[in-house]
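Undergrad: Provided below for reference: sequence and predicted model.
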Amino acid sequence: MTTLLNVKDVSKQYGQDTLALSDVNFSVEEGEFVSIIGPSGAGKSTLLRCINRMINVSSGDITFDNESVVGLKKKELRRLRTNIGMIFQHYNLVERLSVIENVMHGRLGYKSTFAGILSLYKEEEKEHAVHLLKLLGLEDQIYKRCDQLSGGQKQRVGIARALTQNPKLLLCDEPIASLDPNASKKIMDYLQNISVSMGITVLVNLHQVDVALKYSDRIIGVSGGKIVYNDSPEQMTQEKIKTIYGSEADDLIAAAGDKNAV
């Protein structure tokens, strides 16, 4: 397998007192589905945002597709981000615009500022967007305003927007945290199918251990800004869950043992 992403000795300091990430090391292979789990405030979101340089690291290096992310200038960074799709917990959609208009925003990284302002998209770009929306079960919602959609539908619009970039990597920051169990299962199924059928590498932040165990090729456990687990789901034990989650662990262990969980 080919390594797509390599995170080496990465730390992130906020101000004088807050060390959000401390000496983080891991790599991700092409086509892998990797979940990052850990309690709130563990550093999961900071880590994802360091990978696509929404946040700058304090020290260390991140290599994506054989290119160091850390030193890229503005134009190079924009080019890099076309290969990294981002899916957010709260969708980050323009609510007053239609589904198809929001999805087309995924192409803005390929456009000049002028073309972006005027929404000048090629016909094949629009056709590809419609194809993705059909794949995600949204063919009846294409021209609806996004403020008319359910949370699960909005998240699928977010996934379609990321996929229009033709990314090599999807970064998913708590994509099911705001959703009910049924919508959560749909989103995770879609992400898994996308990874398998399109060969896209998926790195997803989750709070739910049971979901990570079900869907992941590999799980990375983060606690206090440090990686405390990096192995297959099969190697996860109750003791390791306690190492990751501390006092929250008992409830999560109970959920992970529930066969009816997502």
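TA: Structure received.

Undergrad: Report the buried residues of the helix or strand where Asp189 lies.
TA: Assigned by DSSP states H and E, Asp189 belongs to helix 181-198. Of all the residues in helix 181-198, those buried under the rule 16 or more other CB atoms under 10 Å are Ala183, Ser184, Lys185, Lys186, Ile187, Met188, Tyr190, Leu191, Gln192, Ile194, Ser195. All C-beta spots, glycine's among them, are computed from the backbone N, C-alpha and C.

Undergrad: One more: stretch 61-80?
TA: By 16+ other CB under 10 Å, the buried positions in stretch 61-80 come out as Ile62, Thr63, Phe64, Val69, Leu72, Leu80.

Undergrad: Show me which of these is closest to Val202.
TA: When the buried residues of stretch 61-80 are ranked by distance to Val202 (CB to CB), Phe64 comes first, at 14.3 Å.

Undergrad: so what's the closest one closest to, chain neighbours aside?
TA: Nearest residue to Phe64, sequence neighbours excluded (CB to CB, 6 or more residues apart in numbering): Leu5, at 5.4 Å.

Undergrad: ok, now which ones touch the one you found?
TA: Each residue near Leu5 by CB atoms under 8 Å, 6 or more residues apart in numbering is listed here: Ser27, Val28, Ile51, Ile62, Thr63, Phe64, Leu169, Thr201, Leu203.

Undergrad: Next, the contact list for Leu163, please.
TA: Contacts of Leu163 were listed using CB under 8 Å, 6+ apart, and they are Gly85, Gly106, Leu132, Ile194, Met198, Ile200.

Undergrad: try Asn205
TA: Ser35, Ile36, Ile37, Lys44, Ser45, Leu48, Cys172, Asp173, Glu174.

Undergrad: Low-confidence ranges, the protein, go.
TA: 110-120, 256-262 (pLDDT under 70).

Undergrad: which residues of it fall in strands?
TA: For the chain, the strands defined by DSSP state E cover 3-14, 18-29, 33-37, 59-64, 67-68, 84-87, 169-173, 201-206, 218-223, 226-231.

Undergrad: Mind putting those strands into a markdown table with distance to Leu138?
TA: Output for the strands of the chain, formatted as a markdown table (distance: least, CB to CB, whole Å):
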| stretch | distance to Leu138 |
| --- | --- |
| strand 3-14 | 28 |
| strand 18-29 | 28 |
| strand 33-37 | 22 |
| strand 59-64 | 29 |
| strand 67-68 | 33 |
| strand 84-87 | 15 |
| strand 169-173 | 17 |
| strand 201-206 | 20 |
| strand 218-223 | 30 |
| strand 226-231 | 35 |
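
Undergrad: okay, which residue is most central for the chain?
TA: In the chain, the residue lying closest to the centroid (CA atoms, centre = their mean) is Cys172, at 1.4 Å.

Undergrad: So what sits opposite that residue in the bridge?
TA: On the basis of DSSP bridges, Cys172 is bridged to Ile87, Val204.

Undergrad: how far away is it from Lys144?
TA: 23 Å (CB to CB, to the nearest Å).

Undergrad: picking that back up, quick one: which of the strands of the chain is nearest Glu127?
TA: Among the strands of the chain, strand 84-87 comes nearest to Glu127, with 19.0 Å by CB to CB.
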